[in-house]
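Asker: sequence first, predicted coordinates after that:
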Amino acid sequence: LREALKTRQSVLLHAECGGGKTVAAAHMAWGASQKKSRVIFAAHRIALIKQTAKTFDRFGIHYGFIAAGMRVDPLAYVQIASADTLRLKPHLLKGCRLFVPDEAHLWLAPTRQEMIDLARAEGAKIVPLTATPEAGNGRGLGSIADHMVHGPDASWLIANSHLARYRAFAPSSPDLSKVKVRQGDYVPESVDEVLGKPTVYG
């Protein structure tokens, strides 16, 4: 990520949930704050804002919040922002040197992208974070990032004890080929023989 940012203004960091995206951002924020550079980390939900604050605390980062009802410290070089509050106060992006939009796939909406464009105009490095490098409609994130860096995949994180092993449960499609049909409808007793087993169907 550091190497990519030497030649590009906006680099998306893609990694699994629990893969260290916020830790990487905290490392960058700490380094920037040591140089007295302004950093804004922006998230959509209060739970993510609090989670980010806990990670920043581990790094000993002094920060303030740009979020309703949370501690304000306008003199702190590092700010953790609510995306909605920041949208209403775009002037707070002035002088930003590092802008980190969390859950990057949610930043494609015009009002969100405007904030990225404002930070870009300020000359800030943009580091969007996501475990989902495309929107729900399949749209890519090229409009908010010039390049993408991939973190370790889930299998590596599990093998190296960074994520827990898991058991996956998924719905299956039942075989209805042997179900009897009467007057165009399935015969209920015949359906019960196939579907009346302790299996997840969907």
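Answerer: Received the coordinates, thanks. Because the structure is a prediction, the values reported are computed rather than measured.
Asker: what sits opposite the closest residue to Glu122 other than its chain neighbours in the beta ladder?
Answerer: The shortest distance from Glu122 to any residue that is not its chain neighbour, by CB to CB, 6 or more residues apart in numbering, is 5.2 Å, and that residue is Cys96. Where C-beta positions appear, they are placed from N, C-alpha and C, glycine not excepted. When assigned by DSSP bridges, Cys96 has beta-bridge partners Arg38.
Asker: so Cys96 touches Ala32, yeah?
Answerer: No: with contacts defined as CB atoms under 8 Å, Cys96 does not count as touching Ala32, sitting 10.0 Å away.
Asker: neighbour count: these two, which is higher?
Answerer: Cys96 (22 against 18; other CB atoms under 10 Å).
Asker: contacting residues for that one?
Answerer: Shown here is Cys96, whose contacts under the criterion CB atoms under 8 Å, 6 or more residues apart in numbering are 38-40, 119, 122, 124.
Asker: which neighbours do Cys96 and Ala32 share?
Answerer: Contacts common to Cys96 and Ala32, judged by CB under 8 Å, 6+ apart, are 38-39.
Asker: all the strands of the protein, residue numbers only.
Answerer: Shown for the chain, the strands assigned by DSSP state E span residues 11-14, 38-43, 63-66, 78-82, 96-101, 125-126, 129-130, 147-150, 181-182, 185-186.
Asker: can you tell me the strand partners of the first one and which way each runs?
Answerer: Spelled out, it's strand 11-14. Sheet pairing for strand 11-14, assigned by DSSP bridges, gives strand 129-130 (parallel), strand 147-150 (parallel).
Asker: show residues contacting the last one.
Answerer: So that's strand 147-150. Outside strand 147-150, the residues within contact range by CB under 8 Å, 6+ apart are 1, 4, 8, 10-15, 133, 141.
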